[in-house]
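Participant: Model the following, please.
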Amino acid sequence: MKRASGVGVAVIIIAVVALVIATAIIIISSTIQSRTTLNIGDGVFTAKLATTPSQRDKGLGDTTLAVDQALIYAYPSDSKWPVSVIGTKASVDIIWLNQDKKVVYIVTDASPDISSQTVFSPSTAARYVIEVAAGSVDNLNIKADSTAVFEISGTEIK
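Facilitator: This is a model prediction of the structure:
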């Protein structure tokens, strides 16, 4: 009888450990920001995806973008999504895209240091907003009606 109860305890311990590991995996995977490759104009960027409210609120935070990096804010619907550059460490170019990933609005060299305006909004509703290093729009031939190419797969946009 003692052997049967020992096996039962072992099964319970294994089940608890498995549950803890599964929970840890879920928590870690939800905090890691997904990445994709972004092609727009003549540029190719490694892009982080901000698909949840907390990721979009954080934005660039205290990081800067290298010339080959971007941040894509993906929203569940179209709107005139505002972008704040308050607290950014470097100037950025901001690009708004419609649901077809066509550029509908652009702001270049957005910086809280040189501008009295620190929140920017497009004149047209958009589904995606992209931030790239300042100068990228001009240097990489990114214009209104340019089409961006990137994939957001396996990620729920909230």
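
Participant: switch to C-alpha atoms for all contacts and neighbour counts from now on
Facilitator: OK.

Participant: Could I get the full set of strands for this structure?
Facilitator: Applying DSSP state E to the chain gives strands spanning 35-40, 43-50, 69-79, 83-84, 92-97, 103-110, 119-120, 126-133.

Participant: What strands line up against the last one, and which way round?
Facilitator: Pointing back at strand 126-133 there. The pairing partners recorded for strand 126-133 under DSSP bridges are strand 69-79 (antiparallel), strand 92-97 (antiparallel).

Participant: Could you do the fourth one as well?
Facilitator: When pairing is defined by DSSP bridges, strand 83-84 lines up against strand 119-120 (antiparallel).

Participant: re earlier: from the strands paired with strand 126-133, which stretch is densest packed?
Facilitator: strand 92-97 (a mean of 25; mean count of other C-alpha atoms under 10 Å).

Participant: could you give the angle of that strand to strand 103-110?
Facilitator: Here strand 92-97 runs at an angle of 170 degrees relative to strand 103-110 (axes from the mean of the first three to the mean of the last three C-alpha atoms, to 10 degrees).

Participant: pull the CA atoms of strand 92-97 into PDB?
Facilitator: Provided in PDB are the C-alpha atoms of strand 92-97 (Å, rounded to 0.1, in the frame of the first residue of the first chain):
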ATOM      1  CA  VAL A  92      12.100  59.300 -35.700                       C
ATOM      2  CA  ASP A  93      10.200  59.300 -39.000                       C
ATOM      3  CA  ILE A  94       6.600  58.100 -38.500                       C
ATOM      4  CA  ILE A  95       4.700  56.400 -41.300                       C
ATOM      5  CA  TRP A  96       1.000  55.500 -41.200                       C
ATOM      6  CA  LEU A  97      -0.400  52.700 -43.400                       C
END
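
Participant: I appreciate the help and will end here.
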